[in-house]
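>>> kindly generate the corresponding structure for this input.
(2 chains)
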Amino acid sequence: MAMLTVKNLGISFGGLRAVDSFNITIEKGELYGLIGPNGAGKTTAFNLLTGVYKPDTGTVTLDGKNITGLSTIEINKAGIARTFQNIRLFKGLTVLDNVKIGLHNDYKYSTLAGILRLPSYFKTERQMSEKAMDILKVFDLDKEAHLLSANLPYGKQRKLEIARALATNPKLLLLDEPAAGMNPSETEELMKTITLIREKYGVTILLIEHDMKLVAGICEKIFVLNFGTELANGLPGEVLNNPEVIKAYLGE
Amino acid sequence: MKKWNTINKSTRNNIITIGVIVVIYAVCQLMIAAGAMSNLMQGLLVPLCYYSILAISLNLTVGILGELSLGHAGFMCVGAFAGAFFSKSTQNGIGSSFVGFLIALLLGAIAAALFGALIGVVVLRLRGDYLAIVTLAFGEIIKNVINVLYIGLDGKGFHFSMKDSEALNLEENGTIIINGAKGITGTPKHTTFTIAALLLIAAYLIISNLIHSRSGRAIQAIRDNRIAAESVGIDITGFKLLAFTLSAAMAGVAGVLYSHNISTLVATPKNFGYNMSIMILVFVVLGGIGNIRGSIIAAVILTLLPEYLRFLQDYRMLIYAIVLIVIMIFNWNPTCIAWRKNHSLRDILHSLTGKNKKEA
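Down below sits the predicted model:
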């Protein structure tokens, strides 16, 4: 059954059609790559899927539920979590607290219980800490749990962002250039982590990436976007050897 | 000592801070009992408490939520008048002054929270510095409205006017409760140092516990990165409103303490004006934005300082300004920060007890 079905999605900014008739179907558990030259509309597509922008046309269906036009918050609750191209961590908080914020909607106690330190506060906080540490262990960040997130090295900040997104218990995880700015060994490690979280959490992933080694290495299917529309879509072998795709990336 | 280290850090900090407040409170009481404290100083004890409450409550908005508010004195004003209004109009009705005062405190908090929520609902949806502008205006408006507000009480109930006290048409035995620019006279002096200190501890605990709870984390997440907070499903407007309303409510409580510590309550630019809001903001900035304990320390130092500089007469505020600058440099200059680290109280204590600091 399809986890995400996007039909005819589009948005214009003034006279610019940033994304036009965007159609994609992602099966449950699949790892899909979204590639395309700079300015092709990849991040705009992510922003449409997560409700940052409201689409002019088209529908988005997540796991059988129509989520078109919902707010970012509602879409996250429906089961889409994302990371950002430019890292957006909660820099004044610890690594552990960053992940705990991801758990915000799954582990609840009232504000009053927190202020009065009622038993539910201690119980839920303990559960949250355990769950958050479990997630951090997967990303090999458990030793840094009590560091301020701003003090993490760049590669680990990227990983923490994925960990935080994963903490919201999503059905679909959107990764916006997870390997950007990473050196080859960090990218290698990231590929292993992505594979691991797929196995462990069974999450469906759609990722934007420019690193072709990563895309070719782990993506099961690839969608190529150019000038806001589909250029190619299919298995990596076919797509990456498609002359149109090579032309769009490298020029003639 | 081992057990001490197993308590989580926020609880440990709470215990230390409250311990210090209690010790200072006890020392003050002993000094008063021994007659070793000047009248001037005794008169400052309650103001120290309500200024501290104002400072930590504003820090919730500025430091934890990350929104600038320039009208904190306005919320204090609302609380002060709501509390005093209640106390004055029920002066003969309620037997126990203590219960009456508790209700006044509660009413002050609720009234200020209502105004906070009202402003918050409209303004906190917007991005940018709108809150600063609107709260600045609110602070001035509320002060001016109260200056033309006349409320009287007689056998028929409350009378209300915004013209003058004649327009109230009170019966002969009626009393004017709020008399325009003359304010409320004869508020019962219920505020004691003990109650004020207890409320300061309560305010500190509320904010400190909030920061280390689920809601507090959400509030800080919004401060650090609104877009990311939204992407993990945090209700931005709701938590902003929660923090801002709570901050206003505490300012209201400080207002009630203020109004029950003086005999005549009037709204002047001096006590509830723009300068007052800025002074509270200075406490927060100097104590460290987001640092609750620092806010209390700054409020205490900066309240005592002008009093102890009185002998300088006209040069008083000049020296006050210089001291502000020096404290700011001491707080933020890298050389000073390094010096403080090398000469911290903890290290000195450890060297006295002959322990290596690594062992701790």
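
>>> around chain A, pick out the residues from the stretch 101-250 of chain B.
Neighbours of chain A within the stretch 101-250 of chain B, by C-beta under 8 Å from any C-beta of the partner chain: B:205-206, B:209-210, B:212-218, B:220-221, B:223-225, B:227-236, B:242. Glycine gets a C-beta too; all of them are placed from N, C-alpha and C.

>>> what ranges do the helices span in the stretch 1-150 of chain A?
Here the stretch 1-150 of chain A has its helices, by DSSP state H, counting those that start in this stretch, at A:42-49, A:72-78, A:95-102, A:111-116, A:119-138.

>>> and the second one, what's its mean pLDDT?
Across helix A:72-78, pLDDT averages out at 95.

>>> now do the shortest one
The average of the pLDDT scores along helix A:111-116 is 94.

>>> now the residues of the stretch 101-250 of chain B next to chain A: which count as buried?
Applying a neighbour-count criterion of 16 or more other C-beta atoms under 10 Å in any protein chain shown, the buried members of these are B:205-206, B:209-210, B:212-218, B:220-221, B:223-225, B:228-236, B:242.

>>> now, these that are in strands?
With strands identified by DSSP state E, none of the entries of those belong to them.

>>> just the ones of those residues in helices?
Using DSSP state H, the subset of these located in helices is B:205-206, B:209-210, B:214-218, B:220-221, B:223-224, B:228-231, B:236, B:242.

>>> and residue A:169, which of the three is it?
With DSSP: H, G, I helix; E, B strand; the rest coil as the basis, the three-state label of residue A:169 is coil.

>>> nearest residue to it in space, please, no chain neighbours.
In this structure, residue A:169 finds its nearest non-sequential neighbour in residue A:106, 5.8 Å apart by C-beta to C-beta, 6 or more residues apart in numbering or on different chains.

>>> my guess is that neighbour contacts residue A:166, does it?
No - in this structure, residue A:106 sits apart from residue A:166 without contact. The criterion is C-beta atoms under 8 Å, and the distance is 11.8 Å.

>>> need the contact list for the residue of the stretch 251-360 of chain B at minimum distance from chain A.
When C-beta to the nearest C-beta is the measure, the stretch 251-360 of chain B has its nearest residue to chain A at residue B:290, with 7.3 Å between them. With contact taken as C-beta atoms under 8 Å, 6 or more residues apart in numbering or on different chains, residue B:290 is in contact with A:92, B:59, B:63-64.

>>> for these, pick the one with the most neighbours.
Neighbour counts for the contacts of residue B:290 (other C-beta atoms under 10 Å in any protein chain shown) peak at residue B:59, which has 29 neighbours.

>>> tell me the contacts of residue B:64?
Residue B:64 makes contacts with B:207, B:211, B:216, B:219-220, B:223, B:243, B:290, as judged by C-beta under 8 Å, 6+ apart.

>>> before we move on, what about residue B:294?
Residue B:294 makes contacts with B:286-288, as judged by C-beta under 8 Å, 6+ apart.

>>> 7 Å instead, please
For residue B:294, the residues meeting the contact criterion (C-beta atoms under 7 Å, 6 or more residues apart in numbering or on different chains) are B:287-288.

>>> one more: the one 5 residues further on?
Shown here is residue B:299, whose contacts under the criterion C-beta under 7 Å, 6+ apart are B:51-52, B:55, B:283.

>>> need phi/psi at residue B:51.
Dihedral angles phi and psi of residue B:51 (degrees, to the nearest 10) take the values phi -70, psi -40.

>>> secondary structure element for residue B:284?
Assigned by DSSP states H and E, residue B:284 belongs to helix B:274-287.

>>> could the contacts of residue B:299 be laid out in CSV, adding distance to chain A and pLDDT?
Below are the contacts of residue B:299 laid out as CSV (distance: C-beta to the nearest C-beta, whole Å; pLDDT from 0 to 100):
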residue, distance to chain A, pLDDT
B:51, 23, 97
B:52, 19, 97
B:55, 19, 97
B:283, 20, 94
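
>>> most neighbours among those, which one?
Counting neighbours by other C-beta under 10 Å, the one among the contacts of residue B:299 with the most is residue B:55, which has 30 neighbours.

>>> pretty sure that one contacts residue B:295?
Yes - taking C-beta atoms under 7 Å as the contact criterion, residue B:55 and residue B:295 are neighbours in contact, 4.0 Å apart.

>>> where does chain A get nearest to chain B, residue-wise?
Among all residues of chain A, residue A:114 sits closest to chain B, at 2.7 Å; criterion: C-beta to the nearest C-beta.

>>> so residue A:115 makes contact with residue B:211?
No - with contact defined as C-beta under 7 Å, residue A:115 does not count as touching residue B:211 (10.0 Å).

>>> give me the below-cutoff pLDDT ranges for the chain.
No chain specified, so I'll use chain A. Filtered on pLDDT under 70, chain A yields the residue ranges A:252.

>>> that's the wrong chain, I meant chain B
Applying pLDDT under 70 to chain B picks out residues B:1-7, B:92-96, B:346-347, B:350, B:352-360.

>>> tell me the centre residue of it?
The residue at the geometric middle of chain B, judged as the C-alpha nearest the mean C-alpha position with C-alpha atoms, centre = their mean, is residue B:54 (1.2 Å).

>>> quick one: the helices in the stretch 251-360 of chain B?
Listed in chain order, the helices of the stretch 251-360 of chain B (DSSP H, counting those that start in this stretch) span residues B:269-272, B:274-287, B:292-308, B:316-332, B:334-342, B:345-352.

>>> let me have these in TSV, extended by distance to residue A:143.
Converted to TSV, those look like this (distance: least, C-beta to C-beta, whole Å):
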stretch	distance to residue A:143
helix B:269-272	51
helix B:274-287	33
helix B:292-308	29
helix B:316-332	31
helix B:334-342	24
helix B:345-352	25
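
>>> between those, which one is closest to residue A:127.
Judged by C-beta to C-beta, the one of the helices of the stretch 251-360 of chain B that comes nearest to residue A:127 is helix B:292-308, at 26.7 Å.

>>> what's the nearest residue to the residue sitting furthest away from the middle of chain A if we skip its chain neighbours?
Relative to the average C-alpha location in chain A, and by C-alpha atoms, centre = their mean, no residue lies farther out than residue A:116, which sits at 36.1 Å. Nearest in space to residue A:116, with sequence neighbours left out and distances taken as C-beta to C-beta, 6+ apart, is residue B:209 at 7.5 Å.

>>> go ahead and confirm that neighbour touches residue A:114.
Yes - contact criterion C-beta under 7 Å: residue B:209 and residue A:114 qualify, at 6.3 Å.

>>> residue B:106: neighbour count?
Residues contacting residue B:106 under the criterion other C-beta under 10 Å number 17.

>>> list the buried residues of the helix or strand containing it.
Residue B:106 is located in helix B:97-123, with elements delineated by DSSP H and E. Residues of helix B:97-123 classed as buried under the neighbour-count rule (16+ other C-beta under 10 Å) are B:100-101, B:104-109, B:111-117, B:119-120, B:123.

>>> tell me the contacts of the residue in chain B positioned nearest to chain A?
Of all residues in chain B, residue B:213 sits closest to chain A, at 2.7 Å by C-beta to the nearest C-beta. Applying C-beta under 7 Å, 6+ apart, we find residue B:213 in contact with A:114-115, A:121.

>>> who wins for neighbours among those?
Greatest neighbour count in the contacts of residue B:213, by other C-beta under 10 Å, goes to residue A:114: 23 neighbours.
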